[in-house]
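Asker: this one's structure only:
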């Protein structure tokens, strides 16, 4: 339900445009930074999609992005982050309490939001980026 916190065992994905992907294929901190006009970081709740694998869930996220007219790029990536690890990492390293909650949109019931940090807080973006490994990266376009 809208506003409900996501379970700690679940996962969210964040689209990382090519300019926010490093040479090693991992996201840069810029992929997890809030824009000045944003109050939350937009992500997709993978378990809400009801797929049995992460690959299948990312395929659905990809399709939703394309259906909305978002321009996915060949060198773009989807980064997957565990909800509990994100909240624990930020709490332990920065003493901040992130909220990762369901924020469904009319055309995307898997939409979720990460809140609890200010727009100018680069440290949260760095911490979220540090949680992503090569196994957590999926191509934006297949």
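Answerer: Happy to help now that I have it. Given the structure is predicted, the values throughout are model-derived calculations rather than measurements.
Asker: what pairs with whichever strand or helix holds residue 113, parallel or antiparallel?
Answerer: Under DSSP states H and E, the secondary-structure element containing residue 113 is strand 111-115. Strands that pair with strand 111-115, judged by DSSP bridges, come out as strand 41-45 (antiparallel), strand 99-102 (antiparallel).
Asker: right, and those - which one's nearest residue 3?
Answerer: strand 99-102 (5.6 Å; Cβ to Cβ). Backbone N, C-alpha and C define where each C-beta goes, glycine included.
Asker: please point out which parts of the strand or helix carrying residue 125 sit buried.
Answerer: Using DSSP H and E, residue 125 falls within helix 122-130. By neighbour count with 16 or more other Cβ atoms under 10 Å, helix 122-130 contains the buried residues 124, 125, 127, 128, 129.
Asker: going by distance to residue 27, which of these wins?
Answerer: Nearest to residue 27 among the buried residues of helix 122-130, with distances taken as Cβ to Cβ, is residue 129, at 5.5 Å.
Asker: which pLDDT does the model give that closest one?
Answerer: pLDDT for residue 129: 96.
Asker: just checking, it touches residue 29?
Answerer: Yes - under the criterion of Cβ atoms under 8 Å, residue 129 makes contact with residue 29 at 4.9 Å.
Asker: and the longest helix anywhere in the chain with strand 41-45, angle?
Answerer: Identified as the longest helix of the chain according to DSSP state H is helix 54-67. With axes from the mean of the first three to the mean of the last three Cα atoms, to 10 degrees defining the directions, helix 54-67 sits at 130 degrees from strand 41-45.
Asker: off-centre distance for helix 54-67?
Answerer: 13 Å (Cα atoms, centre = their mean, to the nearest Å).
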